[in-house]
Structures are given as C-alpha cells and as structure tokens.
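J.: What follows is a predicted structure for the sequence shown.
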Amino acid sequence: INTTNIYNNPQLSDTFKLIDINIDVINPTNSNRSEITKLFLDIPKTYEVKSPNFIDCDGNLYRFIPTNIKSTQPVVEQMIDRPLYMDMNTYEGYIELYGINPFSIKSLKLIDYEITAKNNNIIDESSLCIENEKLKATINNNGTINLFDKQNNLTYNEIGYFLDEGEEGFAWTNVPFEPIYNTLNSKPIISVIENNEFYGAVKIIHKLMLPSNYEDRKNKIENTELTIELIVSLKKHSELLDFEILVNNTCESHRLRFMIPSGLNAKSSFGEGQFDVVERSLERPDTKDWVEQPMYDYPLHNFMDLSDNTNGIAVIVDGLKEYEVLNDKQNTIAITLFRAFRFIIAPSSKQDYTFQKGSQCLGINNYKISLLPHKGNWVEGDVYNKAICKNNTLSIVQTGDNNKGDKSEICFMEILQKEIQFSTIKKAESNLFNEYVLRLYNPTNTILTSDVKFYTKINSAELVTLEEELINTLEIENNKITIEFLPKKIITIKIKL
C-alpha cells in the first residue's frame, strides 16, 4: 500500500491507524462493479480497532458499517500441529465498494478511522417505505409492495403476493385444479429487521390455511397452516429490489407461485437460457380442438424479462426454472417456487409410487428473487449483465499484509462490447500448460464486433470450433484481439501465453 497517497488524501484526517490486515475483492464478471456487499471480518482483540474502514493503494476510502460484533475464537489447525485458538472480534456488516474492474482482484487495507454517521437509513419505519435514489418500495397492509421506479417514473402495484393451486399432474405436465388460494386478503405480520444507511430489510410473514393433501383439496378441506416468510430488501444505490422467501412446506399436491403484476402492454416475454435469450409470444390461440393442449410455463436460467419497448421489468432468479405470463389485464408474471405432485407414472400400465414423498417438496425451501425495472427492452436495460452480477457476487477474502508494491489490483481480461457474454475460460484439450480456451457468445439479434483485451502477454490467438479444431489465426495488437459476432453465435478462442 502506497502510504504517501494515503497521508495526502484529503478524505482522511491525521487520526487514522493502518492495520496489518487486507481484504481481496474478487470480481468474476465482465462488469465494472460498484455496490454494497456483505462482509465478515476477523480482527485480533490485541489490535484494539474501534472503527474499521478500508483504503486502496491510492488512499481512496471504502466505508464499512458493522451491524453485529461478537467475540470468537477461530481455529487454525494443521493435522501435524495442535489447534491454535485466536481471540478475535468478528464483525458482520456491509462495505461500500466502487470501481472494481472486470475480471479483477483488488486489495484493500484495513484502517482504524472514525467516520461520522449520516443517519439517513434506507427504511422510513413509520410508513414502511424502503427507498434509495432509484427505487421506492412501499409495503401494503396485505404484504404486497407498490414499487416506484424513479428513473422511469413508473409504478408497479401489488407485487409480491403468493398464489397456491392444486396439482394433479406428474413430472412432465402441470394439471392445476381448484380450490385456488392467494395472499391478497392476507393479514401478515410485518416488521423491520435491519435498517441502516447501506441496507434495509422488512420481513413479512403470511399464514395460509390449505388442504394437507390431494384428497383433502378435492374435498375442499382446509386443515393445514402453511407459513411463508418474505424478506424484502434494498441496498444503497441498487437498481434491484430483492426478495428472500422461506417456506416450510407441510402440504402435498400443490403449486406455489410468486406473483408480479406488471401492468405492461407487452407482446412477448424473454427468457434467458443456454447461450441465448428466447422470445416467446404472449398470444394464446384457440386450442379447444387440439389433442394435446399447449403449456405456457416456460424455462429460464438467470432472468426473464417483460417490456413494452418503452419500459420493462426483469425478474432475476437464483436456481428457479419456470415462469409464466398470465393471460390477464395486468400481464402478471408468475414465478414457480415449487410444484409438488404425486409420483405416479404410466408408461404401459399405471405404477403408483405415491408412498414416496420426494416429489412433494416437503420441508424447508429457500428462494431468492430480484426485480429490476428498466428502460426499453432487455438489451437497452443491460439486463443480462445485471443478472450475471446479481448471481455472481463479489467475493471477499481476508488476508495478511500482502502488498509489496504500489499497485493493489490485478486484472486478467476485459470484453469491451458489453453485450457479448462470457461463458468460460479453461485449459485447452491439448493439455499444454500455456494454452487456454476462452468461450464467448452473442445472445442478441444484432451483429456485434468486440475487442477482447488481455492484461497479460499472449503469444497467439486462434479461432477454433467447439471441438477446438482450428478455423483461423487471429491478429494480436497490444494484447488485444478483435472479433465479429453474428447474432446468436458462440465463439471459441484458443490463446497461448
């Protein structure tokens, strides 16, 4: 760490102390990242740190807000040694990071430096309003949320309710049946669970009385309470409203979905999948004479998007795989949380495995969903990159004082055309120690040209097939190669260091 830059920084007074602890921030994406991130930090008690914050090698300040401090004794152990117990203060909190370059590792140094609190918390607890400079989310009495997109001056009303329907289908086919329940008339327990300048969260607890199994639902017997916990949260500067859902499923043969009325006059939905973003029409033709009825539940990977080409909203998921846009006035987006069904198959004759409960999704289930209101369509709203960033968080590793020079950041590469997506970098199948394969793709409908810049010297670059067979050699200029990407095209490059 360059101490000259630190002492010349007008942000800092003379009352700070350098601590021999660093954190390394790892950005695994092709986006420049500035965001609030959760941080766990162990500081030896002997250091007597009162106000932990961080700086980089140029003396730039990175604020840390602890939310919990506890005394711990982490164990350092090798099999040939006795365990070493260290008396620590473990800090849990949020750090404000900015300017973290694509595919980089940035080192920050711990300092003991007091910063005056601003007392501008994310949540107005009197009105249950979660707000930053981009979004304003108001919690309604029934547990739904009115979300105001400040950047595009648009409100999404009564988002975030739950819908539960009976399920008499099987592994491949959804067959819903009544009665159908929702939480629009719920009287949930609502409480603020965290509130500071960087992060605010509200917990909403719904209790639904449901039939316990297939037979009870057919007979409309409501005899089991289903508890749904929903945490709504927002971070400083974030464009995303985040939801964490916990369901202890005690019922069988039903499908539970998270509902988002969009109010958008959209003609198609877009679902991201393998190397592509697929457009699907919202039109529902007359199929009463069809032998096999169509299904309108579609797959997604990281996100789905709905837009009227002026405004749009993306739903970013972490592991959930099914969405539907309902044929209603609001073009309501339904995200399937789980579909519990009886295990019955009939390849030639009926085989009943209903005694096996694995397909009933019983027990505790956790889900994460984020909403991203945006301008225009998914391309104009940069939805793909924002979804990738959401699901590939900045990783933070605590280290010792490992900076010996005047730089605290290492960058590997950067894809300059941000609509081009990174898939993987791996060892080449040639098994040569200095050959690697970089795979990129263009999910848009437009021909794109992009430079790929490397921050280490590369000796050669080849355009190859997916089987890594040579197509042609690429020119290198200042460790940079230029590639044309046709629409929906996967490009594989073999590089030699």
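T.: Structure received.
J.: Could you list the low-pLDDT ranges of the protein?
T.: Scanning the chain for pLDDT under 70 picks out 1-14, 79, 347, 402-407.
J.: where exactly do the helices run in it?
T.: Counting by DSSP state H, the chain has helices at residues 3-7, 214-218, 383-391.
J.: check contacts around the nearest residue to His206 once chain neighbours are set aside.
T.: Once its chain neighbours are removed from consideration, His206 has its nearest residue in Ile228; the separation is 4.4 Å (CB to CB, 6 or more residues apart in numbering). In this view, the C-beta of every residue, glycine as well, is placed from N, C-alpha and C. With contacts defined as CB atoms under 8 Å, 6 or more residues apart in numbering, Ile228 is in contact with 162, 183, 205-208, 245-247, 256.
J.: again, 6 Å this time
T.: When contacts are counted by CB atoms under 6 Å, 6 or more residues apart in numbering, Ile228 is found next to 162, 206, 247.
J.: hmm, back to that, got the helices of the chain as TSV, with mean neighbour count and distance to Gln398 columns?
T.: Putting those into TSV (neighbours: other CB atoms under 10 Å; distance: least, CB to CB, whole Å) gives the following:
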stretch	mean neighbour count	distance to Gln398
helix 3-7	14	20
helix 214-218	18	51
helix 383-391	21	22
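J.: Does Asn195 touch Asp124 like I think?
T.: No. Counting by CB atoms under 6 Å, Asp124 is not a contact partner of Asn195; they are 9.3 Å apart.
J.: Burial check on Ile476, number of neighbours?
T.: Residue neighbour count, defined by other CB atoms under 10 Å, stands at 16 for Ile476.
J.: Oh, that last question was meant for Glu469, not what I typed.
T.: 10.
J.: In a markdown table: the contacts of Ile228, plus distance to Tyr323.
T.: Written out in a markdown table, the entries for those read as follows (distance: CB to CB, whole Å):
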| residue | distance to Tyr323 |
| --- | --- |
| Phe162 | 15 |
| His206 | 21 |
| Val247 | 18 |
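J.: tell me which of these is nearest to Thr310?
T.: Lowest distance from Thr310 to the contacts of Ile228 (CB to CB) belongs to Phe162, with 29.3 Å.
J.: residues contacting the closest one?
T.: If a contact means CB under 6 Å, 6+ apart, then Phe162 has 183, 228 as its contacts.
J.: try 8 Å this time
T.: Contacts for Phe162 (CB under 8 Å, 6+ apart) come out as 182-183, 206, 208, 228, 256-259.
J.: Return the set of residues that bridge with it.
T.: Beta-bridge partners recorded for Phe162 (DSSP bridges): Phe258.
J.: is it true that Glu131 touches Asn146?
T.: No. Glu131 is not in contact with Asn146 according to CB atoms under 8 Å; the separation is 11.9 Å.
J.: Next, show the common contact partners of the two.
T.: Applying CB under 8 Å, 6+ apart, one finds that Glu131 and Asn146 are jointly contacted by Ala137.
J.: still on that earlier bit, can you redo the contacts of Phe162 as CSV, where the extra columns are distance to Ile471?
T.: Shown next, in CSV, are the contacts of Phe162 (distance: CB to CB, whole Å):
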residue, distance to Ile471
Asn182, 54
Thr183, 55
His206, 56
Leu208, 57
Ile228, 52
Leu256, 48
Arg257, 45
Phe258, 45
Met259, 48
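J.: Now flag whichever of the residues you listed is closest to Thr29.
T.: Ranked by distance to Thr29 (CB to CB), the contacts of Phe162 are led by Phe258 at 25.7 Å.
J.: contacting residues for the closest one?
T.: When contacts are counted by CB under 8 Å, 6+ apart, Phe258 touches 160, 162, 243, 245, 334-335, 337, 367, 369.
J.: among the residues you listed, which ones are buried?
T.: Applying 16 or more other CB atoms under 10 Å to these, the neighbour count classes 160, 162, 243, 245, 334-335, 337, 367, 369 as buried.
J.: Please identify the one among those residues that lies nearest to Ile43.
T.: Checking the buried ones among the contacts of Phe258 one by one against Ile43 (CB to CB), the nearest turns out to be Phe243, at 32.8 Å.
J.: Who does the closest one form a beta bridge with?
T.: Counting by DSSP bridges, the residues bridging with Phe243 are Val232, Ile369.
J.: So it is in contact with Val232, correct?
T.: Yes. Using CB under 8 Å, Phe243 makes contact with Val232 at a distance of 6.0 Å.
J.: shared neighbours of these two, which are they?
T.: Between them, Phe243 and Val232 share these contacting residues under CB under 8 Å, 6+ apart: Gly160.
J.: For the contacts of Phe258, please prepare TSV with the additional fields distance to Glu380.
T.: Output for the contacts of Phe258, formatted as TSV (distance: CB to CB, whole Å):
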residue	distance to Glu380
Gly160	25
Phe162	31
Phe243	24
Ile245	29
Ala334	25
Ile335	23
Leu337	30
Tyr367	28
Ile369	22
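J.: Name the nearest of these relative to Lys50.
T.: Looking at the contacts of Phe258 and their distance to Lys50, the nearest is Phe243, at 35.8 Å (CB to CB).
J.: and the closest one, what is it in contact with?
T.: Contacts here follow CB under 8 Å, 6+ apart; on that basis Phe243 touches 160, 230-233, 258, 367-371.
J.: For Lys187, see how far away Asp58 is.
T.: Plainly put, Asp58 is 53 Å away from Lys187 if you go by CB to CB, to the nearest Å.
J.: Relative to Asn442, how far out is Met259?
T.: As judged by CB to CB, Met259 and Asn442 stand 33 Å apart.
J.: ok, now Leu466?
T.: 15 Å.
J.: quick one, which of the two is more surrounded?
T.: Taking neighbours as other CB under 10 Å, Leu466 and Asn442 compare with Asn442 leading, 24 against 10.
J.: Just give the nearest non-adjacent residue to that one, would you?
T.: Distance criterion CB to CB, 6+ apart; nearest residue to Asn442, sequence neighbours excluded, is Phe485 at 3.8 Å.
J.: count of neighbours near the one you found?
T.: Neighbour count of Phe485, defined by other CB under 10 Å: 22.
J.: Surely it touches Pro443?
T.: No. In this structure, Phe485 is not within contact of Pro443 by CB under 8 Å, at 9.8 Å.
J.: Name the residues contacting each of the two.
T.: Jointly contacting Phe485 and Pro443 under the rule CB under 8 Å, 6+ apart is no residue at all.
J.: and the closest residue in space to Leu84 that isn't next to it in sequence, how many residues sit next to it?
T.: Counting by CB to CB, 6+ apart, Val76 is the residue found nearest to Leu84 once chain neighbours are left out, at 4.5 Å. Burial of Val76 is recorded as 9 neighbouring residues (other CB under 10 Å).
J.: Could you pull up the contacting residues of Val76?
T.: 83-84, 86.
J.: Please identify which of those residues is nearest to Lys45.
T.: For the contacts of Val76, the minimum distance to Lys45 (CB to CB) is 9.0 Å, reached by Met86.
J.: Now do the same contact list for that closest one.
T.: 42, 44, 73-76.
J.: for those, which one is nearest Tyr98?
T.: Using CB to CB, Asp42 comes nearest to Tyr98 of these, at 24.0 Å.
J.: so what's the residue nearest to that closest one when sequence neighbours are not counted up against?
T.: By the measure of CB to CB, 6+ apart, the closest residue to Asp42 outside its immediate chain neighbours is Met88, 4.5 Å from it. Listed by CB under 8 Å, 6+ apart, the contact partners of Met88 are 42-45, 71-74.
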